[in-house]
Every structure is written in C-alpha cells, then in structure tokens.
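**Student:** generate a structure from the sequence data that follows.
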Amino acid sequence: MRINIYTDGAARGNPGPGGYGIVLESGSHRKEMCHGFRHTTNNRMELLAVIEALKALKTNKAQVFIYSDSKYVVDTINKGWIFGWEKKAYKGKKNPDLWRKFIVLHRKFKPTYIWIKGHNNHPQNERCDALAVHASMQKELEADVFFEEQGGKLI
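**Tutor:** Sure, this is the predicted structure:
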C-alpha cells in the first residue's frame, strides 16, 4: 500500500495568524485536513502539517511519500541535519518542540520526502495552500502555545 501526503503551511504576517493544510491519498481514498492558529510562523505550520498528517495514519506498514514545498522541512531530513540537531538536543535551533515530535513520527513511518515547487499549479499543493490559508482566516483560532510562550518571535 502507498500513501501520498501533500502538505502546506501558511502565516499571514509571519509571524501572524497561520494554518496548515493536508491532503492524504491512498488508492481511491482521499482525506483533507486543516487547522489554524492565532499567532505562529510559516515554518511552524509547514512542519506541523507533516506531523499532523503522520499522526493521522492508521498503519506503519504502508510506503509513505510526503510532498512539500517547504525546503525547511524536506532539506532538514533529506540532508540529514535533524540527526545532528537531535544529538545536540536541538540547542539553538528554531521550533525544537515540533522537531522533537516530528522525529518520533519520522522513525515510526519512515516516509520519503519529496520537494515540489510551490504555487506551480500542482493540484494537491494548491489545495493544501487553499486549506492552510482558509484555516488561518477562521475567527476563533487556537493558540500556538509554545510559540506564544516564547514571546511570539521568530524562534
């Protein structure tokens, strides 16, 4: 079984209101997810989209492919940077709370990460972008607690 995951994150103001969008596809099955936060960053939303998509998976027996327009996410894994960051307890790195969650899921599902160019008429990426922007515009947005506790700065 193959599962294709498409993700995108958005923040209006960066930092500002933000959200993520996800499209999961496997065979004839398709699921869309999105969620918004009142004060966050684009990179946090890009990474959280991958985390939430992996958390939604029901099996770790499938081949998982993650398509993202985020070099921040894709390069961190594909270039192996995260493993050095992990050894140093993410000291001095942005978004350590999310990277700690991410690495556990990465090891469980062992996905392949594929970078795709954003805003390039890729149907699933465009849909994820629309979901992320829509989520960021909701009236009652959740707090990105870690980010806000850090003073709401680009950390």
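
**Student:** looking at this structure, which helix or strand does the model trust least?
**Tutor:** Using mean pLDDT, DSSP states H and E, helix 145-149 stands out as the lowest-scoring helix or strand of the chain, at a mean of 92.

**Student:** that one packs against which elements?
**Tutor:** In terms of contacts (3 or more CB pairs under 8 Å, 6 or more residues apart in numbering; DSSP states H and E), helix 145-149 is packed against strand 29-40. Just so you know, the C-beta spots here come from the backbone N, C-alpha and C atoms, and that holds for glycine as well.

**Student:** list the contacts for G36?
**Tutor:** Contact analysis of G36 by CB atoms under 8 Å, 6 or more residues apart in numbering lists 17-19, 135-138, 141-142.

**Student:** quick check on the residues you listed: which are buried?
**Tutor:** The neighbour count (16 or more other CB atoms under 10 Å) marks 17-19, 135-136, 141 as buried among those.

**Student:** and the residues you listed, which is closest to R38?
**Tutor:** L141 (3.8 Å; CB to CB).

**Student:** any idea how far the closest one is from A132?
**Tutor:** Per CB to CB, to the nearest Å, L141 is found 13 Å from A132.

**Student:** any chance of the buried ones among the contacts of G36 in a markdown table, plus secondary structure, distance to R38 and pLDDT?
**Tutor:** Formatted as a markdown table, these follow (DSSP: H, G, I helix; E, B strand; the rest coil; distance: CB to CB, whole Å; pLDDT from 0 to 100):
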| residue | secondary structure | distance to R38 | pLDDT |
| --- | --- | --- | --- |
| P17 | strand | 6 | 97 |
| G18 | strand | 8 | 98 |
| G19 | strand | 10 | 98 |
| A135 | helix | 11 | 98 |
| S136 | helix | 9 | 97 |
| L141 | coil | 4 | 96 |
